[in-house]
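> Quick one: sequence and predicted model below, then my questions.
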Amino acid sequence: MQLTGVLSIGLLIAIAFLELDSKGRVVNFDLVKKAKRLLSLWLITTFIYILVQIAYLLDQPITASFDLTVIRSYLTQTSIGKSYLLQIIGIIVVLAISLKKIISTYVALLISLIAITASIFQSHGSTSGHHGLAIGALVIHVIALSFWVGGLFGLTQLGSEHKLIVLPRFSAIALWSAITVALTGAATAWTRLDSISAWQSKYGAITLLKIFLAITLIGFGALHRRWIIKSDFPSVFRLITAEIVVMFSTIFVGSWLSTVNPPDREVVSSPALLLTGLEMPEPPTFSRVLLAYDADGLMLGLLILAVALYIKGVVILSRRGDKWPVGRTIAFALGISAIDFATSGGLGVYSRFAFSNHMLSHMVLGMIAPIGIVLGAPITLALRTLPVGRSEGERGIRGAFIAILHSKLSNFYTHPVVALAIFDGSLFALYFTPLFSNLMQGHSGHFFMSIHFLLAGILFFQVLIGIDPMPRKVPHIVKMIIIFAAMSIHAFFSISLMSASTLLDNGYFALLERPWATDLLADQRLGGAIGWAMGEIPILLALLATFLQWVRQDKKEASRIDRAADRAAAMGEKDDLAIYNQYLAELNRRDNSQ
């Protein structure tokens, strides 16, 4: 099941990043047919795997698992079954997507990655120590392995001449993936094998085997990159064949490892540990919140990727002799630091145990960090550094990115009213419905909320004060109206929280049995007050920034008009203003003559 999933993703990677396109349209339909067939096989093997799991759990022959009632109960009433149901839905959606355009291939690839990682949130790592790091490292590990192994398989499915052309591009993907696989594998092993006796267990022995194979793969990758420029055709692909053998071995060892329980840890169970994966921390103080840290592996991985891409972009510009403003880099770094503090830092740790701290984290993610990200101008940096097409008519990654920016969907979401509705309207949908309590129950829910707060904030502030190119130009007066509306809506939301007489978490915080801040309703009202206070300040700063941008634009326009007038005067011609005044004078003369 995992192998067919990785190979399916590999063909999607080949279509999206390795194969040539024609003005954004897919040209290799044979590759699309192969991808569809492998996706169908992935779907079939998933069904078979589910039947095997049911037979294993119920200790019965596999033929007895062909019971629709039992299958439906497994897929809808158990956590692991729900994850496989999500995987099935994802595969079916990808099969339904018409892979005629490169952008649709990006969407299919994203859904496939979600499908293959869905079950990881219910793996052994979800109940081990360092919950956030274990789950996040596993998710990123599988994604990186899919790009590495699947990408290599996709490479082998291209035409003979085209393989040599795209080898450098795949080599870069393989290098990033190899480093990621090694780092996340080490992080996963560290969360599960924290003693010498643990490494001597069966799980530890299989882990050592997997580490050996990973080192072997990285060695092949190094040889690959060294020989790729000056090697002849057969030797390169003998090397690729050897890589495929070792990669497939790694996948099977990883699958074997996922079926073996890690060594038992001496952990004292508690309600807090069962619900959050963390022990109940001491009462929050300034120093404790500042110094506490528990890595959220998935968010940390995304932040590291964002920083690496940003640095790479700045380095590319520097090598070309172009300058990138230091202030933008500093703003981006501050935004990334704020995200890390609100998710993995002390603020992120305490946000899982008290509503007031959760709201504080929410404000940092949705109000403060997005300002730094937006002022860092990552879209502008990407447009200046992304690779272009290799041949005439090929969009390439940069062309696809530009197409996304100018798409109807992007035009819709960047409408100021839509951005406002997502930014403030989603607050009521989240906190005043059962959605909040459901999302607080698991790591995936925490991650979804963090991503939503961050993206909603980035979208809102990008529309208002962004310096990146956008698909629509919003007048400054409209921006100021939107800002005042956001202030009013946010204040109403905060007052609603402060005046609520019932808890919104459906008993989640009560189950934690925390010994501090025991008045849950008072803590919830404190969260409303924090939301009001912290929410107004960034919006006021956005108002000030919008006003300053308006004044600066008017000065630039006035300077432009003056320069145009000077040029016209120097050439003995009339400028636009003089022509307009002459037109008005002519109209006045006609009125007087009548």
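Thanks, I have the structure now. Here the structure is a predicted model, which means the values were calculated and not measured.
> Any idea which helix or strand in the protein has the lowest mean pLDDT?
Comparing every helix and strand of the chain by mean pLDDT, DSSP states H and E singles out helix 233-258 as the least confident one, with a mean of 65.
> Helix or strand next in line after that helix, which one?
helix 271-276 (DSSP states H and E).
> got the CA coordinates for that following helix in PDB?
In PDB, the C-alpha atoms belonging to helix 271-276 read as follows (Å, rounded to 0.1, in the frame of the first residue of the first chain):
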ATOM      1  CA  PRO A 271      -5.100  13.300  31.800                       C
ATOM      2  CA  ALA A 272      -2.900  16.100  30.500                       C
ATOM      3  CA  LEU A 273      -0.400  13.600  28.900                       C
ATOM      4  CA  LEU A 274      -3.300  11.600  27.300                       C
ATOM      5  CA  LEU A 275      -5.000  14.600  25.800                       C
ATOM      6  CA  THR A 276      -2.000  16.800  24.800                       C
END
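> Off-centre distance for that helix?
Mean-position distance between helix 271-276 and its chain equals 26 Å (CA atoms, centre = their mean, to the nearest Å).
> Summarise which helices and strands it is packed against.
Under the contact criterion of 3 or more CB pairs under 8 Å, 6 or more residues apart in numbering; DSSP states H and E, helix 271-276 touches helix 508-511. All C-beta atoms are positioned from the backbone trio N, CA, C, and that covers glycine.
> quick one: average pLDDT of whichever helix or strand comes after the helix it packs on?
Following helix 508-511 in sequence order, the next helix or strand is helix 520-570 (DSSP H and E). The average pLDDT within helix 520-570 is 76.
> again with stretch 298-318
On average, stretch 298-318 scores 92.
> do stretch 463-478 as well
In this model, stretch 463-478 carries a mean pLDDT of 84.
> Now the closest residue to Trp148 other than its chain neighbours: which helix or strand?
Closest residue in space to Trp148, ignoring its immediate chain neighbours: Ser177 at 3.7 Å, by CB to CB, 6 or more residues apart in numbering. Taking DSSP H and E as the criterion, Ser177 maps to helix 160-192.
> What of Thr76?
Assigned by DSSP H and E, Thr76 falls in helix 68-77.
> ok, and for the next helix or strand after that helix, which residues are buried?
Per DSSP H and E, the first helix or strand lying C-terminal to helix 68-77 is helix 79-96. By neighbour count on 16 or more other CB atoms under 10 Å, the buried set for helix 79-96 is 80-88, 90-91, 94-95.
> Then stretch 432-450?
Within stretch 432-450, the residues scored as buried using 16+ other CB under 10 Å are 436-437, 439-440, 442-447, 449-450.
> next one: stretch 340-358
The neighbour-count check on stretch 340-358 (16+ other CB under 10 Å) flags 340-358 as buried.
> thinking Ile316 is in contact with Ala382, fair?
No - assessed by CB atoms under 8 Å, Ile316 is found out of contact with Ala382, at 10.7 Å.
> May I ask which helix or strand encompasses the residue nearest the centre of the chain?
By CA atoms, centre = their mean, the chain has its centre lying nearest to Leu302, at 6.2 Å. Using DSSP H and E, Leu302 falls within helix 297-320.
> What strand or helix carries Pro281?
Under DSSP H and E, no helix or strand contains Pro281.
> What distance do you get for Arg514 to Gly277?
With distances taken as CB to CB, to the nearest Å, Arg514 is found 15 Å from Gly277.
> Of those two, give the one with the bigger neighbour count.
Gly277 (23 against 18; other CB atoms under 10 Å).
> quick one: the more buried one from Ile311, how far?
Relative to Ile311, Gly277 is positioned 31 Å away (CB to CB).
> Over to Gly24?
For Gly24, the distance to Ile311 - CB to CB - is 29 Å.
> Between those two, point out the one with more neighbours.
Between Gly24 and Ile311, counted using other CB under 10 Å, the more crowded position is Gly24 (19 against 13).
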